[in-house]
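**Student:** Take this sequence and fold it.
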Amino acid sequence: MFNVRVRGIYATTITRLCMDWGFKIVQPTKIIIDRFKLTDLREAPDITIKDLESKDGIVIIGLRRAVEEILEKLKTHFPEVIVLKCLMPIHSIVKGIVKNFRNGEYIIEVKPGIYGVLKGDFKIGDVTTVSIAKTSFTHSNYLKLSSNLWIKGRYAYLIQDNKVIVSRHIKDHNIKRELISLGLLFKREGWGVKWRSSAQYADTVSLIGELKNLHEKAKEILKNSEKTPYTELIEGEYIARVIFPSTTKIELDKVRSKVIPTVYKHHIYKSSGKIGSVLVDFAEKILNELNVDWVSRNLHEFMIELLKQRGKVKILHIKPSGEIISLTPGSIIEISRERLVLRRRLTGGGRYDGLNISKEEGDYDIMEVKPNEWIITHNYYSKNNTLRGRYININTPPEITYKCIKYIDLIIDIVILPNGEVKILDLEEFNKLYSEGIIPSYIKTKVNNIINSFISIN
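**Tutor:** So this is what the prediction gives:
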């Protein structure tokens, strides 16, 4: 059984799932203690689960075996989630080979085909011991490396920079002073201490014991520094990012509703921004007095009214890599529960991919969005209102909230020329993401069905 610490807007739902799956919840917040009638266990976690910065999913960080087990459970229960795994665990210590020098940094291969960058004084072909300071989730981005090594414990890191640092999550000043004093006692031979947040719950004997063990590990690592390239001397903390499509967020609502009254689209609105989050909290406070369907329906209508008042609608186009692209906003032409139609003014210059024609000044896009469909249709017109072509963007069902449209782009576009000819774009890139395990089988089947439907119709 692994220990799991959970934080963020998905905390109630993820806690319920983890308990059902046999994990132990540690360091719970007061709200979680009250909702689940938990004992306030202060043991150190094996993994921590928290929100992505965008709030559109979760980050899972910690022991690789525990992270992998959680991922398997999530993918089984929610087959449309997008999963990104780190190329190397953060703070891993590994032997790398210096391969190149570019833009003031050395490029070091830490595993076959996995590269990081580091400043320093090396020669091409040198074998050097490095720590993973910042990981990456795609081969297109380099890892950030460090010559200062970090050795991980449950309560502390031994760090090769001769400092004593206390986690910002430790707020108690008395505890901070005690940890600094203890860290100074073990600051030796160029090694300092970074206290982790769990240190505030451990007794002094346990903390001293861990620091002694970490120093023994440090000696062992330095002894093994002559090992062959690509040797991983210590594995750090494994990280996975899980992006939730709108369909998953709605399924997570159902899990949460078994714990506490929950409005429809709770997680969609909570992840939409501060106003959406506040409105959901208010709506759920009155659920004991009113029917949940009535409250959900009226909350949705209010969100739509707020969107109308904005006039311009933001469009957030999320790549499977997690990158968020903000497209040109659109003005509302039509809006209802079933459909949103926007007009977007386009800038001249460049070309329409797949149409093989130039973008002209005055071109505009009539964008059709349906919240339950896996496509968004872009109809491109000239300033003379002549149809120049149609793009069918394949994506997860879009979320329509008080300020924006948001969806996960699934890479493939279907282009329909004015003469009716159909072209499929970026199929190779989509298949590559599938082969790398980022696009799940459930979504691949969905996308193939959409492509086939357009090919057969046209």
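
**Student:** Give me the phi and psi angles of the residue lying closest to Asp161 once chain neighbours are set aside.
**Tutor:** Nearest residue to Asp161, sequence neighbours excluded (C-beta to C-beta, 6 or more residues apart in numbering): Asn148, at 5.0 Å. (C-beta placed from N, C-alpha, C; glycine too.) Per-residue torsions, Asn148: phi -80, psi 120 (degrees, to the nearest 10).

**Student:** check contacts around Asn148.
**Tutor:** Ser131, Ile159, Gln160, Asp161 (C-beta atoms under 8 Å, 6 or more residues apart in numbering).

**Student:** In this structure, what residue spans correspond to helices?
**Tutor:** For the chain, the helices defined by DSSP state H cover 11-20, 30-36, 64-77, 173-185, 204-223, 246-257, 266-270, 274-285, 292-310, 427-435, 441-457.

**Student:** most packed of those helices?
**Tutor:** Across the helices of the chain, averaging neighbours per residue (mean count of other C-beta atoms under 10 Å) puts helix 266-270 on top, at a mean of 25.

**Student:** Now it: average pLDDT?
**Tutor:** Helix 266-270 shows a mean pLDDT of 96.

**Student:** for that helix, packing partners?
**Tutor:** helix 246-257, helix 274-285 (3 or more C-beta pairs under 8 Å, 6 or more residues apart in numbering; DSSP states H and E).

**Student:** repeat that with 10 Å
**Tutor:** helix 11-20, helix 246-257, helix 274-285, helix 292-310, strand 399-400 (3 or more C-beta pairs under 10 Å, 6 or more residues apart in numbering; DSSP states H and E).

**Student:** so which of those gets nearest His267?
**Tutor:** Closest to His267 of these is helix 246-257 (C-beta to C-beta; 3.9 Å).

**Student:** Break the protein into its domains for me.
**Tutor:** 3-86+240-257, 93-236, 311-457 (automatic domain parsing).

**Student:** low-scoring stretches of the stretch 251-400 of the chain, by residue?
**Tutor:** Residue ranges of the stretch 251-400 of the chain with pLDDT under 70: 289.

**Student:** what number of residues lie near Lys50?
**Tutor:** By the criterion of other C-beta atoms under 10 Å, Lys50 has 17 neighbours.

**Student:** I figured it hits Val6, correct?
**Tutor:** Yes - taking contacts as C-beta atoms under 10 Å, Lys50 lies within contact range of Val6: 7.6 Å.

**Student:** Now do the shared contacts for the two.
**Tutor:** Common contacts of Lys50 and Val6 (C-beta atoms under 10 Å, 6 or more residues apart in numbering): Ile14, Ile58.

**Student:** Include distance to His267 when you put the domains of the chain into JSON lines, please.
**Tutor:** As requested, the domains of the chain are exported to JSON lines (distance: least, C-beta to C-beta, whole Å):
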{"stretch": "domain 3-86+240-257", "distance to His267": "4"}
{"stretch": "domain 93-236", "distance to His267": "23"}
{"stretch": "domain 311-457", "distance to His267": "10"}
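
**Student:** Would you state the strands of the stretch 51-200 of the chain in chain order?
**Tutor:** 57-62, 82-85, 93-102, 105-111, 114-118, 127-134, 143-146, 150-152, 156-159, 164-166, 192-195 (DSSP state E, counting those that start in this stretch).

**Student:** The stretch 351-458 of the chain too?
**Tutor:** 351-352, 357-358, 364-369, 375-381, 387-395, 399-400, 404-416, 422-425.

**Student:** between the ones you listed, which one is nearest to Thr228?
**Tutor:** Of the strands of the stretch 351-458 of the chain, nearest to Thr228 by C-beta to C-beta is strand 404-416, at 38.6 Å.
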